[in-house]
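S.K.: have a look at this prediction, sequence included:
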Amino acid sequence: MAEVGNAPDIRANGRYKTLLEVSSAIARQPNLEAALKSIHRFLSAVVPFESVAILLLSEDGRSVCLRAVEAASTDSEVKVGTELSHAGTVIERAIEKQRPVYIPDVPSEMSKVNIWVPQAKPTRLRSAYLFPLSTPRRKLGVLSVGSVEPGEFSAEDISLIESVASHVATALENAIAFDKAESYQKQLVHERDRSRLLLEINNHLISHLNVDDLLRAASASIRKHFANNFAGFWIIDKERNRLDCAALDSESKGFLADLPMAELTDEDLERIRARQPQLLSQADMERLPAPVLDSLISEGIECLAIAPLGTSNGPLGVITLGSRRANHFGIEDLEVLSQVATQISLALDNALAYARLNASRNRLEEERLYLESEIRAEYNFEDIVGKSEALRKVLEQIAIVAPTDSTVLLHGETGTGKELVARAVHSLSPRKDRTFVRLNCAAIPSGLVESELFGHERGAFTGALMQRRGRFELADRGTLFLDEIGDISLDLQPKLLRALQEHEFERLGSTKTIHVDVRLIAATHRDLTAMIRGGQFREDLFYRLNVFPIEVPPLRQRREDIPLLVHYFVGGLARRMQKKIGSIPKRAMDALTNAPWPGNIRELENFIERCVILTQGDELVVPTEELLRSASTPIASASTFHDAERQAIIEALKACSGRIAGAGGTAERLGLKRTTLQNKMRRLNISRADYS
């Protein structure tokens with residue numbers, strides 16, 4: 001009888017032991033799921049039930065979520081993570097009343113919860129208890145204990161489970177508080193790292209004026225924060241509708257490794273304008289241009305984070321981060337990258353604006369230096385002087401062609417003033433406010449003409465110590481005058497033709513195509529059609545140049561202009577030499593007018609300068625005997641073919657200043673090979689004394 005009397009005490013001790021074991025298990029277990037397994041194991045030994053589950057209230061208290069479930073059977077009626085509204089259900093009653101609620105018919109009660117109906121499997125449970133989970137500070141949810149057998153628990157069992165629920169609630173509140181504290185700490189760490197990154201980027205902006213140095217420093221800070229394997233900075237080339245690589249930071253290739261250009265679609269441009277960042281998985285990367293995709297695949301990149309670069313002035317480009325780990329970047333990373341992009345955008349916008357201003361300043365400086373050198377150069381004359389019919393015809397043609405952008409080809413003897421005509425065309429054109437750039441193709445060695453025309457990069461050839469812009473770049477939106485166009489070598493003529501037709505070229509030593517808007521005026525004293533027949537000039541280039549030909553007349557065809565030119569030159573030279581010359585004798589003027597002037601205006605100007613030097617009084621001293629001797633000396637006529645051939649070669653040698661071979665040499669002028677010409681000179685007994 002004593003043993004029977006002690007049975008309630010034994011059962012009570014067993015419940016207390018179970019409660020202690022459950023409490024200890026809850027404290028030891030690392031998570032809610034593990035704690036629920038312990039609760040099920042210990043409680044089911046003293047209380048008959050099938051399953052135990054925890055449903056927690058949402059932050060707003062409008063729904064509950066199944067956070068953990070443990071049952072003897074592996075089949076769960078409802079999936080963990082299911083969220084449902086508890087309004088009007090026994091769950092709401094248990095939470096609001098804060099006392100256990102008995103459910104005698106679980107299937108009937110579950111049918112009232114709409115969200116469970118399509119998801120729940122047919123349940124084996126027949127009855128259940130809902131125990132509120134709460135602390136003095138808050139209501140947390142309910143602990144559900146279900147049984148496959150109908151029937152209520154005893155008062156002792158209910159009391160035991162209530163105590164367990166109280167321990168679970170306390171542990172849950174502590175866990176929630178710990179999670180919040182941990183989340184807040186992570187948020188603080190994230191905010192600290194974000195602020196540190198932005199501060200580093202800001203310091204880079206202040207301390208690095210050079211864009212390459214800035215991007216290099218920014219890449220290091222970005223890599224430290226995001227642990228990325230690849231970073232690319234891309235700038236929009238608005239003219240070609242593509243992204244140009246400004247800088248790359250790759251683990252395998254280092255900083256500033258090369259990647260192909262990326263063509264932009266309308267969708268890409270719109271996304272950049274709208275400043276929409278994006279995350280790309282490996283599948284999303286398939287829509288990238290093939291060369292870029294191949295390069296990324298070779299780097300082993302699995303995902304990308306992209307943030308647009310732009311300011312209020314418009315889009316600038318994008319920052320691209322890549323990682324070899326799939327799903328490495330998240331939304332928070334994208335937000336931080338966007339903030340970094342905003343900072344870098346301001347620096348890039350300023351750098352690009354500075355580059356444009358610097359380029360404009362350099363261009364103006366180069367134009368200034370060029371114009372100063374032109375001013376220092378010795379022009380034939382400063383203005384067109386004359387009133388002859390031949391000259392008026394030329395002026396009419398200038399007035400007709402000047403307003404257009406058409407190419408002009410000037411043809412005339414040496415010294416007729418072809419450059420002055422070219423300047424007149426430029427001065428009357430819409431390009432008059434831009435630069436007039438000239439180049440005498442015969443005055444520069446043939447190997448350097450290409451560099452003079454198109455420029456060169458540093459190191460393009462021996463002696464190229466710095467980058468140099470060519471005449472085409474200097475003449476952009478202006479006029480380029482190429483004198484003695486017939487002396488351009490055959491190998492350079494196709495490049496000149498392309499520059500004229502396509503308005504683009506590449507500097508020597510560079511692959512970057514430069515676009516220009518240049519109006520060309522060419523001049524020559526040579527017979528280009530004869531050179532075409534001799535294979536010395538390209539026919540297609542001639543047709544490109546010969547759009548509007550103007551024949552500049554020699555001085556002997558406009559003798560009525562000679563007195564005007566004489567007075568013009570005398571006045572200018574006398575002022576320069578500080579002499580007062582008031583008159584020119586009639587006999588001297590007649591001699592000047594009737595002289596042959598084979599050197600045309602250039603010869604006339606040089607002769608007048610000699611006259612001014614000789615003049616000591618106020619009347620111009622003209623050595624007329626020299627003019628008369630020149631005019632009266634007949635050109636020896638050849639009596640035989642032998643003499644005619646000898647005389648033709650000597651005249652050609654004189655015209656070429658004794659130069660035999662090369663561009664503009666006597667052999668080229670006569671259409672002969674160098675060796676053939678030298679053989680003829682030996683056979684005809686032509687020595688240097690005959691032509692020097």
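M.R.: Yes, it's here.
S.K.: CA only for contacts and neighbour counts going forward, please
M.R.: Fine.
S.K.: in this structure A218 contacts N203, no?
M.R.: No. With contact defined as Cα atoms under 8 Å, A218 does not count as touching N203 (9.6 Å).
S.K.: so for these two, which sits in the more crowded spot?
M.R.: A218 (23 against 14; other Cα atoms under 10 Å).
S.K.: got phi/psi on the spatially closest residue to the more buried one that is not a sequence neighbour?
M.R.: The shortest distance from A218 to any non-neighbouring residue, by Cα to Cα, 6 or more residues apart in numbering, is to I201 (5.9 Å). With angles defined as degrees, to the nearest 10, I201 sits at phi -60, psi -40.
S.K.: and if you look at I660?
M.R.: phi -90, psi -50.
S.K.: report how many residues lie close to the residue lying closest to it once chain neighbours are set aside.
M.R.: Leaving aside its sequence neighbours, I660 sits nearest to T666 (Cα to Cα, 6+ apart; 4.8 Å). Using other Cα under 10 Å, T666 is surrounded by 26 other residues.
S.K.: got a list of what T666 touches?
M.R.: T666 is in contact with 649, 652-653, 656, 658-660, counting by Cα atoms under 8 Å, 6 or more residues apart in numbering.
S.K.: repeat that for 10 Å
M.R.: T666 makes contact with 649-660, 672-674, 677, according to Cα atoms under 10 Å, 6 or more residues apart in numbering.
S.K.: pLDDT value on G417, please?
M.R.: G417 carries a pLDDT value of 88.
S.K.: give me the domain ranges for the protein.
M.R.: 15-179, 208-354, 380-551, 555-632, 641-691 (automatic domain parsing).
S.K.: just the buried residues of the contacts of T666.
M.R.: Buried by 16 or more other Cα atoms under 10 Å: 649-650, 652-653, 656, 658, 660, 674, 677, out of those.
S.K.: and these, which two are furthest apart?
M.R.: The span of the buried ones among the contacts of T666, defined through Cα to Cα, is set by I650 and R674 at 14.9 Å.
S.K.: name the element E603 belongs to?
M.R.: helix 600-614 (DSSP states H and E).
S.K.: do the same with G232
M.R.: Counting by DSSP H and E, G232 is found in strand 230-237.
S.K.: give me the sheet partners of the next helix or strand after that strand and which way each runs.
M.R.: Of the helices and strands lying after strand 230-237 in sequence (DSSP H and E), the nearest is strand 242-250. As defined by DSSP bridges, the strand partners of strand 242-250 come to strand 230-237 (antiparallel), strand 254-255 (antiparallel), strand 262-263 (antiparallel).
S.K.: least reliable of those strands by average pLDDT, please.
M.R.: Taking the mean pLDDT of those, strand 254-255 comes last: a mean of 48.
S.K.: hmm, back to that, how far away from the center of its chain is the strand holding G232?
M.R.: Centroid separation for strand 230-237 versus its chain: 8 Å, with Cα atoms, centre = their mean, to the nearest Å.
S.K.: got it, and stretch 588-596?
M.R.: 65 Å.
S.K.: assess the claim that H503 and F472 are in contact.
M.R.: Yes. Here H503 reaches F472: they are 9.4 Å apart, a contact under Cα atoms under 10 Å.
S.K.: which of these two has more neighbours?
M.R.: F472 (29 against 17).
S.K.: separation between the more buried one and I521?
M.R.: Going from F472 to I521 by Cα to Cα, to the nearest Å gives 12 Å.
S.K.: repeat that for G330.
M.R.: Counting by Cα to Cα, the separation of G330 from I521 is 61 Å.
S.K.: which one's more surrounded, those two?
M.R.: The neighbour comparison of G330 against I521 (other Cα under 10 Å) goes to I521, with 28 against 11.
S.K.: may I have the secondary structure class of that one?
M.R.: Look at I521: counting by DSSP: H, G, I helix; E, B strand; the rest coil, its state is strand.
S.K.: try P549
M.R.: Following three-state DSSP, we place P549 in the strand state.
S.K.: give the contact list for it.
M.R.: 397, 401, 407-411, 521-523.
S.K.: the same query, at a cut-off of 6 Å, please.
M.R.: The contact partners of P549, by Cα atoms under 6 Å, 6 or more residues apart in numbering, come to 408-410.
S.K.: wait, a strand at T404?
M.R.: No. Judged by three-state DSSP, T404 forms no part of a strand; its state is coil.
S.K.: could you report the neighbour count for it?
M.R.: T404 has 14 nearby residues by other Cα under 10 Å.
S.K.: quick check: the gap between the spatially closest residue to it that is not a sequence neighbour and Q501.
M.R.: Closest residue to T404 apart from its sequence neighbours, by Cα to Cα, 6+ apart: S429 at 7.0 Å. Look at S429 and Q501: by Cα to Cα, they are 20 Å apart.
S.K.: look at the two and report which has more neighbours.
M.R.: Using other Cα under 10 Å as the criterion, S429 and Q501 rank with S429 on top: 19 against 11.
S.K.: how far away is that one from K418?
M.R.: In this view, S429 and K418 are 17 Å apart by Cα to Cα.
S.K.: same check, this time on R287
M.R.: To K418, R287 is 58 Å away according to Cα to Cα.
S.K.: again with E21
M.R.: From E21 to K418 the distance is 112 Å (Cα to Cα).
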